[in-house]
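Participant: Provide a 3D model corresponding to the input given below.
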Amino acid sequence: MKLIMQRVHMNKCNCREKKQITLDRDFNVPDAKPDALQIMKEQGEIQIEEAHMMEGKASVRGAMHFQILYATDGGAGISEMSGSIPFEETIPLSCAERGDELTVQAAFGDLRSELINSRKLGMKAIVNLDVKAETVCDGEGAVDLEEADNVYSKKKTLDVSRLVFSKKDILRVRDEWKIPGTKDAIGSVLYSDVQLGEMNTRMMENELQVDGQATFFVIYLGEGEEGSINYFENTIPVEGTIDCGGCQPDMVVQVMTGLHSRDIEIKEDEDGENRVMDVELVVDFDIKVYGQEQLELLTDFYSLKTICKPIYEESFFENLIMHNKNKAKISGKISAGDYSPLQIWNVTGDLRIDRQTQQQDKVLVEGIIEASVLYLTGDEKIPLASVKSSIPFEQSVEADGITENSNVWLQGSLEQISGTLTGDKEIEIKAVAALDVIAFERIEEPIIHDYESEEIDWKERSRDPGMVGYVVQEGESLWDVAKHFYTTEDSIREINQLEQDELEAGDILLVLKEVS
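Facilitator: Numbers count the residues shown, from 1 in each chain. Next comes the predicted model:
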């Protein structure tokens, strides 16, 4: 007699830790750049350069790259400087193993710049690191028996999710625009920003289809010695396919995206003027694809010829409960600060999820949008100013079937954000947040991975009476009684003329001894 085993590939999170780090450094304004009068706007991005497992901890190395736009006294009245602050952190992961795959998500908790003096600027950032150690594990169990004569078995059907595909990849997109004739030709680019919107993904046969967009914004000085300040804004379609061999349209896909890099090139148009802007983006994709299947596990068996003792061990499975994409409309009013806006040039925002609470059949999401508005002022010395403010939000996402113990994956992004002047110094912010929720049920099931057997003592068994009366105990089933007396369920049904299999404590059954 031999056990037939089956494996189910799953992605298991062994350990997850969050750590907040503070980056703080002062930078001298380069000699070639003019004195700083006031900071108008800053932006930053975090790049994780390396992450690897060590014994009981993870090492994460990266850098925070920043760009500062500041007002100057004289000349064009505006300039910029950029730089980076490297970091290397060790995060304890007590439950992780060396072979685990690390996933690191980094987001700003806060980003601020300050004017120390006309030749020195300071950058301060709070960076939130979310580190997960995952491994592809096998939930394995006996599903059947072969070469088994006079053996009776009991089985159980489980709905399980299996990890079909896991991959990290990139998608390169490129677009080109011509600056309209109503604006100056490009002399030099002062500041640029790219914001990824929602990435709509759809699983096709053997590939993932991507359909989204990014918003591109640039501030530049026009050509000539006294070039004026201009801005240009446009959207970049993020479209394409990523190979996902073995995947099918009915499978569930979990995708995390991020901006890896961007490259801007200024070109001449047909008239020889610098009016063509060529932009290339590289977008990171972390893809996991799950398929559903029914696993029929062997839960017990016995033989009429030998004494069989199944050996059990706990095994781990997951089953997809739900996948729901939800959109939340968020609005709020913020103050413009020291200057009255004449015109809004650019509105950006970062979505931060501070808390997710799992309740019966829903997930309560709480967080903020860190909105940043760049606007034109009426001050000749400070032509541009920016203001930052937090707008709180709360959204309930329907999640039928989940409980407090479910494994919930939540990804949020800003689909769109805009600002409107509603008063002398008041700006109304409107945004749409996209929330993607995937929930799994954790299943721990005792499974048979081996068995022991020994011969039946037939001399001892021959002394047993040919028929006995048996009083059913609490929780016993027809299977339990048949196994205990080395007989069959059919035999007990026939002798006792049972019309149903359900037994109650105290029932009396006649059991006939089987003769082998």
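Participant: residues in contact with residue 206?
Facilitator: Counting by C-beta atoms under 8 Å, 6 or more residues apart in numbering, residue 206 makes contact with 243, 244, 245, 246, 247. In this view, the C-beta of every residue, glycine as well, is placed from N, C-alpha and C.
Participant: Look up how far residue 252 lies from it.
Facilitator: Counting by C-beta to C-beta, to the nearest Å, the gap from residue 206 to residue 252 is 16 Å.
Participant: try residue 210
Facilitator: For residue 210 relative to residue 252 (C-beta to C-beta), the value is 16 Å.
Participant: Which of these two has more residues huddled nearby?
Facilitator: residue 210 (20 against 16; other C-beta atoms under 10 Å).
Participant: Quick check, pLDDT for that one.
Facilitator: For residue 210, the pLDDT comes out at 96.
Participant: The one 3 residues further on now?
Facilitator: As predicted, residue 213 sits at a pLDDT of 93.
Participant: Over to residue 411?
Facilitator: Looking at residue 411, its pLDDT reads 88.
Participant: what do you get for the one 4 residues further on?
Facilitator: With respect to pLDDT, residue 415 scores 88.
Participant: Residue 476 too?
Facilitator: 91.
Participant: Likewise for residue 186?
Facilitator: In this prediction, residue 186 carries a pLDDT score of 93.
Participant: how far away is residue 395 from residue 460?
Facilitator: 69 Å.
Participant: Please identify which of these two sits among more neighbours.
Facilitator: More crowded of residue 395 and residue 460, by other C-beta under 10 Å: residue 395, with 18 against 8.
Participant: Report the strands that pair with the host helix or strand of that one, each with its relative direction.
Facilitator: Using DSSP states H and E, the element containing residue 395 is strand 384-398. If you go by DSSP bridges, strand 384-398 pairs up with strand 362-376 (antiparallel).
Participant: which residues does residue 513 contact?
Facilitator: Counted by C-beta under 8 Å, 6+ apart, residue 513 has contacts 461, 464, 465, 466, 467, 468, 485, 487.
Participant: oh, I was asking about residue 47
Facilitator: Residues near residue 47 by C-beta under 8 Å, 6+ apart: 62, 63, 65, 260.
Participant: where do the strands sit along the stretch 351-500 of the chain?
Facilitator: 362-376, 384-398, 407-421, 426-455, 467-471 (DSSP state E, counting those that start in this stretch).
Participant: What of the stretch 51-200 of the chain?
Facilitator: 57-71, 78-92, 101-117, 120-146, 151-178, 186-204.
Participant: looking at those, which one has the lowest mean pLDDT?
Facilitator: Across those, strand 120-146 gives the lowest mean pLDDT, at a mean of 85.
Participant: That strand vs strand 57-71, what angle?
Facilitator: Per axes from the mean of the first three to the mean of the last three C-alpha atoms, to 10 degrees, the angle that strand 120-146 makes with strand 57-71 is 140 degrees.
Participant: For the protein, which residues score under the pLDDT cut-off?
Facilitator: For the chain, the stretches with pLDDT under 70 are 8-13, 74-76, 137-139, 515-516.
Participant: Quick check: phi and psi on the residue of it positioned farthest from its centre?
Facilitator: The outermost residue of the chain relative to its centre, with distances by C-alpha atoms, centre = their mean, is residue 463 at 65.4 Å. Torsion angles at residue 463 (phi, psi; degrees, to the nearest 10) stand at phi -80, psi -10.
Participant: Show me what residue 167 bridges to in the sheet.
Facilitator: residue 287.
Participant: correction: residue 282
Facilitator: Bridge pairing for residue 282 - DSSP bridges - gives residue 172, residue 261.
Participant: quick revisit: now the strand holding residue 395: buried residues?
Facilitator: With burial defined by 16 or more other C-beta atoms under 10 Å, the residues of strand 384-398 counted as buried are 384, 385, 386, 387, 388, 389, 391, 393, 395, 397.
Participant: now for those, which pair is the farthest apart?
Facilitator: Spatial extent of the buried residues of strand 384-398 (C-beta to C-beta) is set by the pair 384 and 397 at 38.2 Å.
Participant: so how many other residues sit close to the residue nearest to residue 429 when sequence neighbours are not counted?
Facilitator: Distances taken as C-beta to C-beta, 6 or more residues apart in numbering put residue 371 closest to residue 429, at 4.9 Å, once the chain neighbours are dropped. Each residue near residue 371 was counted by other C-beta under 10 Å, and the total is 24.
Participant: In this structure residue 371 contacts residue 431, no?
Facilitator: Yes: using C-beta atoms under 8 Å, residue 371 is in contact with residue 431, at 7.5 Å.
Participant: Mutual contacts of these two, please.
Facilitator: Shared contacts of residue 371 and residue 431, counting by C-beta under 8 Å, 6+ apart, come down to 349, 391, 417.
Participant: got those residues as CSV, with distance to residue 152 columns?
Facilitator: Formatted as CSV, those follow (distance: C-beta to C-beta, whole Å):
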residue, distance to residue 152
349, 64
391, 65
417, 65
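Participant: with the residues you listed in mind, which one is nearest to residue 363?
Facilitator: Distances from residue 363 to those, taken by C-beta to C-beta, are shortest for residue 391, at 20.5 Å.
Participant: How much space separates the residue farthest from the centre of the chain from residue 457?
Facilitator: 10 Å.
Participant: ok, now which ones touch residue 211?
Facilitator: With C-beta under 8 Å, 6+ apart, residue 211 has these contacts: 199, 200, 201, 202, 238, 239.
Participant: Let's see that with 10 Å instead.
Facilitator: Taking C-beta atoms under 10 Å, 6 or more residues apart in numbering, we find residue 211 in contact with 198, 199, 200, 201, 202, 237, 238, 239, 240.
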